[in-house]
Structures are given as structure tokens and as C-alpha cells.
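Visitor: here you go, sequence then predicted model.
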Amino acid sequence: MPVAFDDGVVTGEGLIAGHRVLIAAQEGGFMGGAIGEVHGAKITGLIERAIETRPAAVILLLDSGGVRLQEANAGLLAMGEIHRVLLDARSTGLPILGAIGGRNGCYGGTSIIARCCDCLIASEEGRLSISGPEVIETVEGIEEFDAQDRALVWRTMGAKHRRLIDEIDVIVPDDMSAFRNAIIAQLNVSRPLSLETLEAEQSALRRRVERFRDAADARDIWRALGVDSPECVSEMEADDFNRLVEGLEGSGS
Amino acid sequence: MPPRDRVMNRVALRYQSRIKRGAALANGKVVDAKDATALLEAVIEPGDRVCIEGNNQKHADFLSAALAAASPGKLNELHIVQSNIALPTHLDIFESGIARKLDFCYSGPQGLRLFNLIGEGKVEVGAIHTYLELYSRYFVDLSPHVSLIAAEMADREGNIYTGPNTEDTPAIAEATAFKSGVLIAQVNRVVDRLPRVDVPADWVSFVVPAPKPHYIEPIFTRDPAAITEVQILMAMMVIRGIYEKYSIATLNHGIGFDTAAIELILPTFAEELGLRGKICRYMSVNPCPTLIPAIESGFVEGIHCAGSELGMERYVAERSDVFFIGRDGSMRSNRVFCQLAGHYSDLFIGSTLQIDLEGNSSTATLDRITGFGGAPNFGSDSRGRRHNSKGWLMAGEEGRRDERAIPRGRKLVVQMVETFREGLTPTFVERLDAWSLMSTFKSPIPPVMIYGDDVTHIVTEEGIANLLLCRTLEEREQAIRSVAGYTAVGLGRDRRLVEQFRRRGVLVYPEDLGIDKRMATRDLLAARSIKDLVRWSGGLYDPPARFRNW
């Protein structure tokens, strides 16, 4: 089993555009960015510290397949602790920003962390999903989901699809400065975490399931959302895609 | 005087009777897919030498399956002579007894099963060849009696269009058709008029339209997103320490991530060094997508290809100044000519799995027999070369031991490896696994991919070892140890010699080349993702779904 001094995540404090932030960056090259006991404790500790020291935001650079299964319950507990402290922080109005742009995407328990953030920023290379492509293929069969068909994987789990169905907030080009600018724009911006917002989210999810129940492919959903040529979406550059999304949101669909 | 009634055209007579038996199943030259097995049973005779076209990428998969479905009672003891053993059906015929003897070059994914079948005595291997060696033997003692080839289209007369993946077809077709062999082509479609003719109809005996397009594999696509900073550092060293130093204008690249890293920093790192127009001008290599930025920025001016690459068809077709293009507008590849072209270029660079203390390298490891492919011919000194170039002369001069020796040039053969492979397996070893394979394999010599005396440079993340400047075998061993890092081989280096080697240029560290290691980041890559490659190509490159991440 490989070991690393930092257990696959770097945490720290610094300035971004003059604002103090706390930040955690997962190293996807180390065990696929999987979260184990120490890795998780570092993120939990970082957010606990932020609750006390009140930075402009906590920034989580996520690149992770989820929990480190070989650490069994210790890994799962670590994951649960991050979820709990993240919601604690949010309930005090501290913004937590997630960014997804790595090769591993954001899966399993880490995808739950991501969806608990105030704001999610991703490049189109980013992916966000509970189960990974190989897991779905193994469980449901290759006819249901061919994990080798990367175009299928990306249009089902990729950042553009997640943006179109409102699970990711900002899409940026695959570029460091684009991510940085998007993060700066979200500093000190927090979303209320209240019973009303949770209930609104729940009913939105219920409506979504009903509306898209019969969609066999992400493109069917995009078409239903009002995208004229869904087959072009995957090829679009970030700027064109964002204009498309603005147009759809403007038209209220 | 031999007796006058001696028959000297037996093969041609046999050809006539084979064709007669086959023609009973054909409409003109075209045979229905459902009759493919019957056709093979009709024209092939027990003990025949048979070639089932199997290249790196393109495979006569339908005909291979049709042969596997034949009755071992009718067809047996066949001698298979083909470059690649890649499909399960290639080995099924050995399992069932249809085939017995095998002469081949490369077995890639079937390496493990082949190893087991040899152990069970089901496969009797003639030899593992290099590509040029096997194609050459087609014209000596291994001409096929029957060859099964794969092509894009045929017309009703039997003219064949291979499309960009011509690969091994010309060599097989020529050796078969002109030695009274039966040439059977599986085609994706039969059409009235072909875009171009790659094999003329009178060489072709039968055409079988296959129910599914022939199998083709994109094996030369490397995703820039997977290139590491260590590979980028090594690429910087190669460009400064070898390409620039020897003015390498003509070369062959291996197909790994290491050489992809070189290709991707030509438009950035090498451009800043003012090397455009001086290095990497002509290449013998498949149309690797990672070459796109170097082509677009004017580095690479000409490329001849052994085969094509899925997704690159339109891009290549629109770059006829660079690639070899047919009148129909699509590329024509040819593995034999590409191998020859690469053999006579200034430099070969590639990777390997193991290197020993003499610099011998091998990709054969204990439990599988993969073979060699193209590296041995590309990666050997071209002793038949006479034309000169700066790098060829410099290398010859560096390697010249004795003032009285006659001056000659030599090819640069570079092995580019990290000191440890995946799973922390050391690349440098005291003894190659090839030695153990030799005995399991009952071969008189170990299967070596590139011989140490052909290797001129070894590049690792530690630095460059220039083996040309080593005066003795002991020095060569120490030079190899001095770039072998923390492997057991590397830890055996002699510190005092390391200093002496650096003064003599036998050992070159990045700092000796003015390379700042901190500069070796992914920011140096002209393209950092497959999508960047699509952008560089102006949308002409159309990557297969499996390489997309958008």
C-alpha cells in the first residue's frame, strides 16, 4: 500500500486577490484522491479552523473517487465528519466553495461534499456523480452503461450536464486563471442553509425525476430543457456554453 | 542434366485447382460471408503456410473467425506466418489443431495465452521476428500459400481500396500473388467504383464482404492529460542534450507518453530555443495526435506513416504537404517503407521495460511473450547507410575509439525510461528476464529488443548517459548505473567516476544543459488535453469516444 506524508491532500491558508482563505487541494495522483482517515481529518480540521477564524471562504479543490474503501469504517467516518462540519460551517454563513477540474472527477462521498458546498465551479473536463462509470457498468451491465464510451460518460456525468441540470453553478475553461477568477467572484458569498431552502431543493428534485423519467440519454434532457441542438453541446467551448445556459435561464426553462 | 520431364510449376498448378474449388462458391470473385468458412476449407490445404493479416491496428477479423470455425479434420497442421497475434481467434486455431507452427512478430494482448499454448505444446514457434525480418522472409522461405487480408472496399472485379490503413497489405499481397498464392480480401463494402486502387484485381483471388467493418484499434493516441512532469523534464533533456546537440532533423519516435511529451513541448520549449527548422523536420511514425501542435507550428515538415490512426483521417487528408496522400485525398500508409525510412534516419527514440548493464533492452518479461514490433529495426545502427548528416557524423566521431579507424557515421539510438516503472519495478536490472524466457522458450538466444551496442544514449529523470563516449565495457556499465537512480543498479555506481563522467560529457545532468527543473511543469505542454489537440487541429481531428473527456 503506498503511503504519503500528506495523505493525498494539502491544506493551508493564504490570500487570493487580497482576501484571506483556507484551502484544501486533493492530489488525484495519490490513490485517486480517495478520502481516508488522515486525509479526511485534515479537511475536517481545516473547516473547523475556518469556523473560528472566519476567512472569506473555504476552497476545496476536489479530485477524488470517493472514500478509501480499504480503510473501511475509518474512511466512512472521516467522510461523515466532513459532511457534518461542512454543514456546521455553512449554518454560520461561512462560504464553502468547491472546484472540480481534475482527471478523477468527483465521485462517491466526495460528490456529496461537493453538493453540500455553497457554490460549485468546474471545467468541462470535470465529472460529478455518486457512482463511477465502471461501477454502473459492473452492476447494471454494459448494455446499460458502457464505461469505455467516454463521450457517454461525459454527457452523463460531465460538468456541462451537471450545469444544465443545476447541480454545478459555474463552468470555466480548463485553465488555472479561469478557476481563480471564478473563485474570487464567489468570496464572501454564502447561500442560506435553512429548512425552506432544503424543502425547496427536495421538491425541485422530485419534479426533476418526474419530468425526465423517460429520458434515455442526457441529450433527451437537454432537448427538453430547450437546447436546440443537443448534439453540439459536448463540442462547445466554455464561453459559448455559458451563453447557451444564460439563454435557457433567461427563457425560464 | 536433370530429367526434362521434371515439373517446375507445381505451385501454379496447385493454384489453379485451389481457385477452381473456390470458384464453385463465388459469384465472379465475390463470396458470400456465410460461405467464408467453406471457401477457406476449399482453397487451403493441410500444411499450408497461411497469413491472416493482423497489423498493429487493422485485422482481418472476420476471415480469422471463419478460419477458426473450419473443421480440423479438413484443415490441419497449418503454418501461420503473420506479424501480429492480437485476436483470440488467432490462437483458437492452434487450440483446435487447425494450425501448428507459428512465425510472428508481436503478440501484445495475447502474450499470456500464447505463452501457455507454447507450454502445452499446441504452438510450435519458428521464431519471433522483427517486422522487416518477417516481411523479408515472405520473399524467401515463408511465402504464404494463402493470405487473408483486410480492406475498406473492393469493386466487382476485385480491385481493393485499403483506405488510410494500408499497413502490411502491400507486402502480403505481393508475396502471395507472385508466388502463386491465393489472396482473399475481407472488405467492409463492395462498390462499383473505388476511390483509388491499392491492390490491383488480378492479384486478388476472392473478395468476401464482411458483415461488420474490420476491427481497427486506435493504439497511437496518447492523452496529454496523462503526461507527467517527470516525462516533461526528460523531454527537455532530450531536446537540449540530444536533438539540439546533434541537429536531429530526421527521426523516428516510439509511441509512449515519453515521446509524446517531446512532441508537445516542441512548439513551446524548442521554439524558445530557436530550434524550429533545425530539429524534428522529418519523421517516420504513425499520425499520432500529439504531433498535431508540432505540425501546426511548423516544426514537423514531413511524415511517412506505417499505419493510420482512428480520428486522424480528416486532419491528415488536409495536410498533404506533410503526409503521403493518395489521389483520392486519403492517406496511404505502408509499414515496410516506413520501417525502411525510419531505419535510415538520424535517430530512434523509444522506451522499454528492462535495461541491463550493457544497455541491452527487452520488453519480454517473465510471464508473457509480447515480441518486438518495429523497435528493433528502427533502433539499430543502419550499417548500410552512406549519406551523411551532422548528427550521424558527430555520433560516428564520438564513438570512434582509435585514430587509425576509418571514419564513419552512426545512427543515434536513444532509450528514454524512468528508473522505476509502474508498481515500483526497477527498469534497470542486472539480468534481463529475457534470459529465463530463453529457456522456457527453447530459443538459442534471449529475446532482446534493442542490443546494447546499438544504444547510444540512455535518458532517465536523473540525466543522460552518452554511451558513445564510454571507452570500455566497464565504463559503459558505470555510465548506465549513474543514470539508474535509486534502483539496486543505480546504488551500485562509483561516485568518483560520476564526477569524471560529468567532466567528459559521458553523464549529463539537467543543470549541465541549462535546464531549470522547476520549469518542467505541465504548463510547458502545447496541448494539455485531447480537446486541446482538437483545437490545434482546427476541428479536423475527431477523437474516438474512448478518448473524449467532454
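Guide: Perfect, thanks for sending it.
Visitor: who in chain A is up against chain B?
Guide: A:103, A:124-125, A:148-152, A:154, A:158, A:160, A:174, A:234-235 (C-beta under 8 Å from any C-beta of the partner chain). Quick note: C-beta positions are derived from backbone N, CA and C, even for glycine.
Visitor: do you have the strands of the stretch 401-550 of chain B handy? List them.
Guide: B:412-416, B:420-421, B:425-426, B:457-459, B:464-466, B:507-508 (DSSP state E, counting those that start in this stretch).
Visitor: closest one to residue A:3 among those strands?
Guide: Evaluated over those, closeness to residue A:3 peaks at strand B:420-421, with 16.0 Å, by C-beta to C-beta.
Visitor: ok and the residue in the stretch 101-250 of chain A nearest chain B?
Guide: residue A:151 (4.1 Å; C-beta to the nearest C-beta).
Visitor: can you give me phi and psi for that residue?
Guide: In terms of degrees, to the nearest 10, the main-chain angles of residue A:151 are phi -60, psi -40.
Visitor: can you map out the strands along chain A?
Guide: Ranges of strands in chain A, per DSSP state E, are A:9-16, A:19-26, A:57-62, A:96-100, A:106-107, A:119-123, A:128-129, A:170-172.
Visitor: spit out the contact partners of the closest residue to residue B:105 other than its chain neighbours.
Guide: Among residues not flanking residue B:105 along the chain, residue B:83 sits closest, at 4.4 Å (C-beta to C-beta, 6 or more residues apart in numbering or on different chains). Counting by C-beta atoms under 8 Å, 6 or more residues apart in numbering or on different chains, residue B:83 touches B:54, B:55, B:104, B:105, B:106, B:129, B:131, B:134, B:135, B:168.
Visitor: got TSV for the residues you listed, with pLDDT, secondary structure and neighbour count too?
Guide: Shown next, in TSV, are those (pLDDT from 0 to 100; DSSP: H, G, I helix; E, B strand; the rest coil; neighbours: other C-beta atoms under 10 Å in any protein chain shown):
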residue	pLDDT	secondary structure	neighbour count
B:54	84	strand	29
B:55	80	coil	27
B:104	93	strand	23
B:105	90	coil	26
B:106	88	strand	26
B:129	91	coil	21
B:131	92	helix	28
B:134	95	helix	23
B:135	95	helix	22
B:168	94	coil	30
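Visitor: among those, which one lies nearest to residue B:504?
Guide: residue B:131 (37.0 Å).
Visitor: my guess is that closest one contacts residue B:374. True?
Guide: Yes - counting by C-beta atoms under 8 Å, residue B:131 touches residue B:374, with 5.4 Å between them.
Visitor: so how far does stretch B:244-251 reach from one end to the other?
Guide: 13 Å (C-alpha to C-alpha, to the nearest Å).
Visitor: show me which residues of it are buried.
Guide: B:244, B:245, B:246, B:248, B:249, B:250, B:251 (16 or more other C-beta atoms under 10 Å in any protein chain shown).
Visitor: re the thing from before, list the residues that contact the residue lying closest to the residue of the stretch 101-250 of chain A closest to chain B once chain neighbours are set aside.
Guide: Among residues not flanking residue A:151 along the chain, residue B:545 sits closest, at 4.1 Å (C-beta to C-beta, 6+ apart). Shown in contact with residue B:545 (C-beta under 8 Å, 6+ apart): A:148, A:149, A:150, A:151, A:152.
Visitor: what about the residue of the stretch 151-300 of chain B found nearest chain A, which SS state?
Guide: Closest to chain A within the stretch 151-300 of chain B is residue B:225: 5.8 Å, counting by C-beta to the nearest C-beta. Following DSSP: H, G, I helix; E, B strand; the rest coil, we place residue B:225 in the helix state.
Visitor: how close does it get to residue B:373?
Guide: Distance, residue B:225 to residue B:373, using C-beta to C-beta, to the nearest Å: 26 Å.
Visitor: again with residue B:489
Guide: Applying C-beta to C-beta to residue B:489 and residue B:373 gives a distance of 26 Å.
Visitor: what's the answer for residue B:539, then?
Guide: For residue B:539 relative to residue B:373 (C-beta to C-beta), the value is 32 Å.
Visitor: of those two, which one has the most company?
Guide: Higher neighbour count among residue B:539 and residue B:373: residue B:373, with 24 against 11, using other C-beta atoms under 10 Å in any protein chain shown.
Visitor: what is in contact with residue B:131 and residue B:374 at once?
Guide: By C-beta under 8 Å, 6+ apart, residue B:131 and residue B:374 have these common neighbours: B:335, B:339.
Visitor: my read: residue B:489 touches residue B:357, true?
Guide: Yes - with contact defined as C-beta under 8 Å, residue B:489 reaches residue B:357; the gap is 6.9 Å.
Visitor: for the closest residue to residue A:153 other than its chain neighbours, what are its contacts?
Guide: Leaving aside its chain neighbours, residue A:153 sits nearest to residue A:133 (4.7 Å; criterion: C-beta to C-beta, 6+ apart). For residue A:133, the contacting residues are A:145, A:147, A:153, A:157, by C-beta under 8 Å, 6+ apart.
Visitor: ok, now which ones touch residue A:2?
Guide: A:30, A:31.
Visitor: from residue B:422, how far out is it?
Guide: 12 Å.
Visitor: most neighbours, which of the contacts of residue A:133?
Guide: Busiest of those [other C-beta under 10 Å] is residue A:153, holding 25 neighbours.
Visitor: isn't it up against residue A:127?
Guide: Yes - at 7.3 Å, residue A:153 counts as touching residue A:127 under the criterion of C-beta under 8 Å.
Visitor: now do the helices in the stretch 301-450 of chain B.
Guide: B:313-317, B:335-343, B:375-378, B:390-398, B:434-440 (DSSP state H, counting those that start in this stretch).
Visitor: and the second one, what's its mean pLDDT?
Guide: Looking back up the chat, that one is helix B:335-343. Mean per-residue pLDDT for helix B:335-343: 96.
Visitor: who touches that helix?
Guide: B:55, B:131-132, B:135, B:167-168, B:170-171, B:251-252, B:284-285, B:304-307, B:348, B:374, B:377-378, B:380, B:382.
Visitor: mind redoing it with 6 Å?
Guide: Residues outside helix B:335-343 that contact it (C-beta atoms under 6 Å, 6 or more residues apart in numbering or on different chains) are B:131-132, B:135, B:167-168, B:171, B:252, B:284, B:304, B:306, B:374, B:377-378, B:382.
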